[in-house]
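Visitor: have a look at this fold, sequence not included:
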């Protein structure tokens with residue numbers, strides 16, 4: 001088990017009443033007292049490769065995005081600046097690994113198509129664009145027990161989505177683990193093992209905050225992403 005023995009932050013972010021919750025290690029909380037994460041589980045989804053209505057909505061979002069942002073100045077938007085500042089502090093270079101929403105918006109502004117992964121990933125990506133919030137997602141049936149946020153140890157290995165072999169972490173990055181493995185480098189890369197696929201039936205969504213981003217803004221992202229997932233993939237909030 002990867003989880004350290006130190007007592008975890010007593011504040012857990014409930015994922016829907018099951019055994020799964022997110023605890024923040026006190027080492028992280030001490031340095032980033034204003035870092036917040038919101039979470040939601042949606043069950044019984046049906047994930048497909050594409051959906052015509054979703055593709056039409058995607059085009060509308062792209063059009064709106066091009067009217068809202070400028071490619072030269074998008075990095076200076078307050079939310080993206082908050083993410084970039086946080087990235088530098090946790091040893092992630094935001095010029096090479098941009099905040100998720102900023103990267104998607106840049107694609108739209110550059111005239112490049114948005115990624116077409118599947119209806120669930122595409123749905124929350126659109127919510128990320130519209131709210132500027134980084135969103136992570138895990139196949140809930142591939143997560144073991146509770147989640148913990150902590151600092152990585154030097155040399156720990158992480159296999160991200162699309163990677164051919166694991167990368168060795170520098171130490172000091174913020175990671176999320178379940179009770180067996182790393183599932184994300186926070187807040188920008190999810191693990192291959194727990195990624196969303198056409199076989200996913202239950203999904204955990206994380207709405208990734210950093211210092212300077214309010215709970216209100218995270219809550220708006222949770223509402224929109226959850227609504228879009230249910231609209232295009234069905235499912236329901238976990239009772």
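Guide: Nice, thanks for sending it over. Source: prediction; values computed, not measured.
Visitor: low-confidence ranges, the chain, go.
Guide: 1-20 (pLDDT under 70).
Visitor: same question for the residue most central in space within it, what's its three-state structure.
Guide: In the chain, the C-alpha nearest the mean C-alpha coordinate belongs to residue 136, at 2.0 Å (C-alpha atoms, centre = their mean). Secondary structure state of residue 136, per DSSP: H, G, I helix; E, B strand; the rest coil, is strand.
Visitor: what's the closest non-adjacent residue to it?
Guide: residue 206 (4.1 Å; C-beta to C-beta, 6 or more residues apart in numbering). For the C-beta atoms, the positions are set from N, CA and C on the backbone; glycine is no exception.
Visitor: where does the one you found sit, in terms of helix or strand?
Guide: Assigned by DSSP states H and E, residue 206 belongs to strand 202-208.
Visitor: could you do residue 55 as well?
Guide: In the assignment (DSSP H and E), residue 55 maps to helix 52-68.
Visitor: which SSE is immediately downstream of that helix?
Guide: helix 78-89.
Visitor: so how far is that following helix off the chain centroid?
Guide: Chain-centre distance of helix 78-89: 15 Å, with C-alpha atoms, centre = their mean, to the nearest Å.
Visitor: which residues does that helix contact?
Guide: Residues from elsewhere that reach helix 78-89 (C-beta atoms under 8 Å, 6 or more residues apart in numbering): 32, 74-75, 93-94, 97, 99, 101-102, 132-134, 187-188, 210-213, 217.
Visitor: again with stretch 121-131
Guide: Residues from elsewhere that reach stretch 121-131 (C-beta under 8 Å, 6+ apart): 54, 57-58, 61, 64-65, 100-101, 104-105, 108, 114-117, 133-135, 137, 196, 205, 217, 220-221, 224-225, 228-229, 231-233.
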